[in-house]
Every structure is written in structure tokens, then in C-alpha cells.
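Engineer: Based on what follows, work out the 3D shape:
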Amino acid sequence: MITLGLTGSIGMGKSATAGMFAEAGVPVYDADAAVHSIYARGGLAVGPLAERFGDVVIDGAVSRDRLRAIVLKDPQALKDLEAIVHPLVGVTQKQFRDEAVATAAKLVVLDIPLLFETGGDTRCDYVAVVTAPASVQRARVLLREEMSETEFEKILEKQTPDAEKRARADFVISTAFGFDFARTHVNAIVDLLTDMDGAS
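Structural biologist: Numbers count the residues shown, from 1 in each chain. Sure thing, here's the model as predicted:
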């Protein structure tokens, strides 16, 4: 089984691209969805995060907004958050991999926003980076109601620069020319990697 890491900075179209892999029949692990599950009522992270950060739990679930407000202005808080959350997310990723092996999948995709930042690329056979010009990225992100220019810049500071991601990638998928263009690249990658797995 080949593991493809999928990443991309905020506003690049990574989530939509992950959906294209799923449409092509590839099992996709969604790291953001995994975080939502451990933040939800009864989730694995609720107790540890309440103990470390205090008033971040509302109605039994972790408030991502309250948590974000804390970690964006406190580097140590961000490190503490990662130390709590990453191992718990790792548990869900192992479950995903085990299920994929059990179903004899030839290719799986790990959709992880901070793939390089967390060293997740070392657990992948190949890495695909979703990209778009900075002007397109900025326009997309600032259309989001909850996003300000200041918050956007803070998020960018914490992410590996797009140019570096592209330089470290095995595949680069551009969403600059629309999602049909990107889908053509996705399907080509799926065909290539599934053929490679079959030949191994």
C-alpha cells in the first residue's frame, strides 16, 4: 500500500482536492475531521485541553474559537496544544491505516494541513502539495466571514512557506486554473501510484 501525504497552505484548495481523491475511490484520512472528533463531546482531547487551558470547553466540547484565540498569541500554548493533540490524532490515523490494510487498498491519502510542520511527511511514501498564486490564496481566505487580514497573516507565519512546500513535494497540484484542471492531475496521480503499487 502506498501512502500519499496531501498538504497545502490555507486557501489553496486542499480540502476540495482531497475530495477529488475520494471521488476517485481512494481512502482519505482527514486530519481536520479527526481533530473535530477528539474535540467533540466525549472526545479524547476534551479533558486534557480543559485541564491545560481552562475555559475552552462549552457544553462538553472544545471551542476551537476560544482555543485559537489563546494559541495565536502564545507560542508556548501552541506547543502545549500540539503535545496534547498530535498523539491523540495519531491514534485515529493508525486506525485509518489498519482499516485500509484490511480492505487491501493500494493507495491511501493522508490529508494533513501541517504535514511538513509536524514531520508527518516522514511517514509518507510520496507528498502532493496543493498550491495557487498568493493573490488567489489571499482573496479566497479573506472571503471567509471569520477571517481578518491580521489573523490570516498570523496563520501564514506558522505555516511552511508555499515555495518550500512545493520544493519538497513529489507532486504539485495547482488549483489556479479551476478544479477541473486540478482533477485531471489528481486522476493522473491516482493512476500512477496505483500502478506502482501493483508492480511492487
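Engineer: Rounded mean pLDDT for stretch 178-193, please.
Structural biologist: Averaged over stretch 178-193, pLDDT sits at 95.
Engineer: quick one: buried residues of that stretch?
Structural biologist: Neighbour-count burial for stretch 178-193 flags 182-183, 185-186, 189-190, 193 (criterion: 16 or more other CB atoms under 10 Å). Heads up, the C-betas are built off the backbone N, CA and C, glycines and all.
Engineer: do the same with stretch 167-174
Structural biologist: 169, 171, 173-174.
Engineer: How far off centre is stretch 132-143?
Structural biologist: The chain centroid and the centroid of stretch 132-143 are separated by 18 Å under CA atoms, centre = their mean, to the nearest Å.
Engineer: can you pull the buried residues of it?
Structural biologist: 132, 136-138, 140-141.
Engineer: Can you name every helix or strand that the longest helix along the chain contacts?
Structural biologist: Secondary structure of the chain per DSSP state H: the longest helix is helix 75-102. Helix 75-102 sits against strand 28-30, helix 31-39, helix 46-53, helix 64-71, strand 107-111, with contacts defined as 3 or more CB pairs under 8 Å, 6 or more residues apart in numbering; DSSP states H and E.
Engineer: what angle sits between the longest one and helix 64-71?
Structural biologist: With axes from the mean of the first three to the mean of the last three CA atoms, to 10 degrees as the criterion, the two stretches helix 31-39 and helix 64-71 enclose an angle of 100 degrees.
Engineer: ok, now the third one?
Structural biologist: Following the same axes, to 10 degrees, one obtains 30 degrees for the angle between helix 46-53 and helix 64-71.
Engineer: do the last one as well
Structural biologist: Between the axis of strand 107-111 and that of helix 64-71 there is an angle of 70 degrees, by the same axes, to 10 degrees.
Engineer: now strand 107-111: mean pLDDT?
Structural biologist: 97.
Engineer: ok and that strand relative to helix 75-102, angle-wise?
Structural biologist: 160 degrees.
Engineer: Tell me the strands beside strand 107-111, with direction?
Structural biologist: strand 2-7 (parallel), strand 28-30 (parallel) (DSSP bridges).
Engineer: so which of those strands gets nearest Leu114?
Structural biologist: Leu114 lies closest, by CB to CB, to one member of the strands paired with strand 107-111: strand 2-7, at 7.5 Å.
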